[in-house]
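Student: Compute the structure for the input listed below.
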Amino acid sequence: MLGVDLGSVRIGLALSDPLGITAQPLVVLPRSDARIEDHRAIVEIAREHDAVRIVVGLPRSLSGKLGPAAKAVLQEVDELGELAGSDLPVETYDERLTTVIAQQALAEAGVKGRDRKQHVDKVAAAVILRGWLEGPGS
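Tutor: So this is what the prediction gives:
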(Lines give C-alpha, C1' and ligand atoms only; values in the text may rest on other atoms or scores of the structure.)
Protein backbone atom coordinates (compact mmCIF):
# COMPACT_ATOMS: atom_id res chain seq x y z
CA MET A 1 0.00 0.00 0.00
CA LEU A 2 1.07 3.57 -0.61
CA GLY A 3 0.11 6.09 2.06
CA VAL A 4 -0.37 9.72 1.02
CA ASP A 5 -0.45 12.93 3.04
CA LEU A 6 -1.71 15.62 0.64
CA GLY A 7 -0.46 19.00 1.79
CA SER A 8 -0.81 22.34 0.07
CA VAL A 9 2.98 22.70 -0.32
CA ARG A 10 4.28 19.12 -0.06
CA ILE A 11 2.99 15.57 -0.50
CA GLY A 12 4.28 12.93 1.89
CA LEU A 13 4.41 9.31 0.79
CA ALA A 14 4.87 6.11 2.79
CA LEU A 15 4.99 2.48 1.78
CA SER A 16 3.89 -0.70 3.50
CA ASP A 17 5.81 -3.93 3.37
CA PRO A 18 4.44 -6.56 0.93
CA LEU A 19 2.45 -8.28 3.69
CA GLY A 20 0.82 -5.03 4.82
CA ILE A 21 2.21 -5.21 8.35
CA THR A 22 4.44 -2.13 8.60
CA ALA A 23 4.49 1.36 7.11
CA GLN A 24 7.69 3.28 6.44
CA PRO A 25 8.19 6.88 5.32
CA LEU A 26 9.20 6.96 1.65
CA VAL A 27 9.58 10.43 0.13
CA VAL A 28 8.29 14.00 0.15
CA LEU A 29 7.24 15.48 -3.18
CA PRO A 30 7.03 19.25 -3.62
CA ARG A 31 3.68 20.34 -5.05
CA SER A 32 3.85 21.32 -8.69
CA ASP A 33 1.81 24.02 -10.39
CA ALA A 34 -0.57 21.39 -11.79
CA ARG A 35 -2.41 18.86 -9.63
CA ILE A 36 -2.49 16.38 -12.50
CA GLU A 37 1.31 16.28 -12.43
CA ASP A 38 1.24 15.61 -8.68
CA HIS A 39 -1.28 12.82 -9.22
CA ARG A 40 0.79 11.30 -12.03
CA ALA A 41 3.83 11.27 -9.75
CA ILE A 42 1.86 9.54 -6.98
CA VAL A 43 0.50 6.87 -9.34
CA GLU A 44 3.94 6.37 -10.91
CA ILE A 45 5.53 5.82 -7.49
CA ALA A 46 2.71 3.47 -6.47
CA ARG A 47 3.20 1.38 -9.60
CA GLU A 48 7.00 1.50 -9.28
CA HIS A 49 6.69 -0.05 -5.81
CA ASP A 50 3.98 -2.54 -6.85
CA ALA A 51 1.40 -0.97 -4.53
CA VAL A 52 -2.06 -2.46 -4.78
CA ARG A 53 -3.89 0.42 -3.08
CA ILE A 54 -3.39 4.13 -2.37
CA VAL A 55 -4.53 5.37 1.04
CA VAL A 56 -4.96 9.15 1.31
CA GLY A 57 -5.28 10.96 4.61
CA LEU A 58 -8.59 12.79 5.01
CA PRO A 59 -8.21 15.87 7.25
CA ARG A 60 -11.47 15.85 9.18
CA SER A 61 -12.02 18.48 11.86
CA LEU A 62 -11.59 17.37 15.48
CA SER A 63 -15.38 16.98 15.65
CA GLY A 64 -15.21 14.60 12.69
CA LYS A 65 -16.90 16.95 10.22
CA LEU A 66 -15.73 17.59 6.68
CA GLY A 67 -14.37 21.11 6.46
CA PRO A 68 -12.94 22.91 3.42
CA ALA A 69 -9.61 21.05 3.59
CA ALA A 70 -11.32 17.65 3.70
CA LYS A 71 -13.60 18.57 0.81
CA ALA A 72 -10.57 19.64 -1.26
CA VAL A 73 -8.85 16.32 -0.48
CA LEU A 74 -11.98 14.37 -1.49
CA GLN A 75 -11.95 16.16 -4.85
CA GLU A 76 -8.29 15.24 -5.30
CA VAL A 77 -9.01 11.64 -4.28
CA ASP A 78 -11.67 11.43 -7.02
CA GLU A 79 -9.19 12.82 -9.58
CA LEU A 80 -6.42 10.52 -8.37
CA GLY A 81 -8.76 7.53 -8.52
CA GLU A 82 -9.68 8.28 -12.13
CA LEU A 83 -6.01 8.48 -13.07
CA ALA A 84 -5.01 5.36 -11.11
CA GLY A 85 -7.75 3.21 -12.63
CA SER A 86 -9.70 0.31 -11.21
CA ASP A 87 -6.60 -1.87 -10.68
CA LEU A 88 -5.15 0.64 -8.18
CA PRO A 89 -7.98 1.67 -5.84
CA VAL A 90 -7.73 4.93 -3.92
CA GLU A 91 -9.41 5.36 -0.56
CA THR A 92 -9.27 7.72 2.39
CA TYR A 93 -8.36 7.33 6.05
CA ASP A 94 -9.15 9.76 8.86
CA GLU A 95 -5.92 11.61 9.49
CA ARG A 96 -6.84 13.69 12.53
CA LEU A 97 -3.72 14.56 14.53
CA THR A 98 -1.31 12.62 12.28
CA THR A 99 0.93 15.65 11.73
CA VAL A 100 1.08 16.20 15.49
CA ILE A 101 2.00 12.54 16.01
CA ALA A 102 4.64 12.77 13.24
CA GLN A 103 6.15 15.93 14.75
CA GLN A 104 6.31 14.28 18.20
CA ALA A 105 7.99 11.18 16.75
CA LEU A 106 10.60 13.29 14.96
CA ALA A 107 11.21 15.39 18.09
CA GLU A 108 11.66 12.22 20.16
CA ALA A 109 14.14 10.98 17.55
CA GLY A 110 16.13 14.18 17.98
CA VAL A 111 15.31 15.65 14.57
CA LYS A 112 15.41 19.43 14.84
CA GLY A 113 13.95 22.46 13.01
CA ARG A 114 14.59 22.50 9.30
CA ASP A 115 15.35 18.78 9.15
CA ARG A 116 12.03 18.04 10.86
CA LYS A 117 10.15 20.11 8.28
CA GLN A 118 11.74 18.05 5.47
CA HIS A 119 10.57 14.76 6.98
CA VAL A 120 7.26 15.46 8.71
CA ASP A 121 5.07 14.90 5.63
CA LYS A 122 6.42 11.44 4.84
CA VAL A 123 6.28 10.48 8.53
CA ALA A 124 2.66 11.71 8.62
CA ALA A 125 1.96 9.54 5.56
CA ALA A 126 3.42 6.57 7.45
CA VAL A 127 1.18 7.33 10.46
CA ILE A 128 -1.86 7.45 8.12
CA LEU A 129 -0.90 4.19 6.45
CA ARG A 130 -0.12 2.47 9.76
CA GLY A 131 -3.56 3.48 11.06
CA TRP A 132 -5.23 2.12 7.93
CA LEU A 133 -3.28 -1.14 8.20
CA GLU A 134 -4.25 -1.56 11.86
CA GLY A 135 -7.98 -0.93 11.60
CA PRO A 136 -11.00 0.29 9.71
CA GLY A 137 -10.62 3.49 7.68
CA SER A 138 -12.95 6.38 7.08
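Student: Every contact and neighbour count from this point should use C-alpha atoms.
Tutor: Fine.
Student: Strands of the chain, start to end?
Tutor: 2-6, 10-16, 23-30, 54-58, 90-94 (DSSP state E).
Student: how about those in JSON lines, adding mean pLDDT?
Tutor: As requested, those are exported to JSON lines (pLDDT from 0 to 100):
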{"stretch": "strand 2-6", "mean pLDDT": "95"}
{"stretch": "strand 10-16", "mean pLDDT": "96"}
{"stretch": "strand 23-30", "mean pLDDT": "95"}
{"stretch": "strand 54-58", "mean pLDDT": "95"}
{"stretch": "strand 90-94", "mean pLDDT": "93"}
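Student: Could you identify which of these is most buried?
Tutor: strand 2-6 (a mean of 30; mean count of other Cα atoms under 10 Å).
Student: That one pairs with which strands?
Tutor: Here strand 2-6 has these sheet partners by DSSP bridges: strand 10-16 (antiparallel), strand 54-58 (parallel).
Student: Roughly how far does residue 123 sit from residue 28?
Tutor: Residue 123 is 9 Å from residue 28, where distance means Cα to Cα, to the nearest Å.
Student: shared neighbours of these two, anything?
Tutor: Shared contacts of residue 123 and residue 28 (Cα atoms under 8 Å, 6 or more residues apart in numbering): residue 12.
Student: How far away from the center of its chain is stretch 89-96?
Tutor: Relative to its chain's centre, stretch 89-96 lies at 8 Å (Cα atoms, centre = their mean, to the nearest Å).
Student: Can you report phi and psi for residue 20?
Tutor: phi 70, psi 30 (degrees, to the nearest 10).
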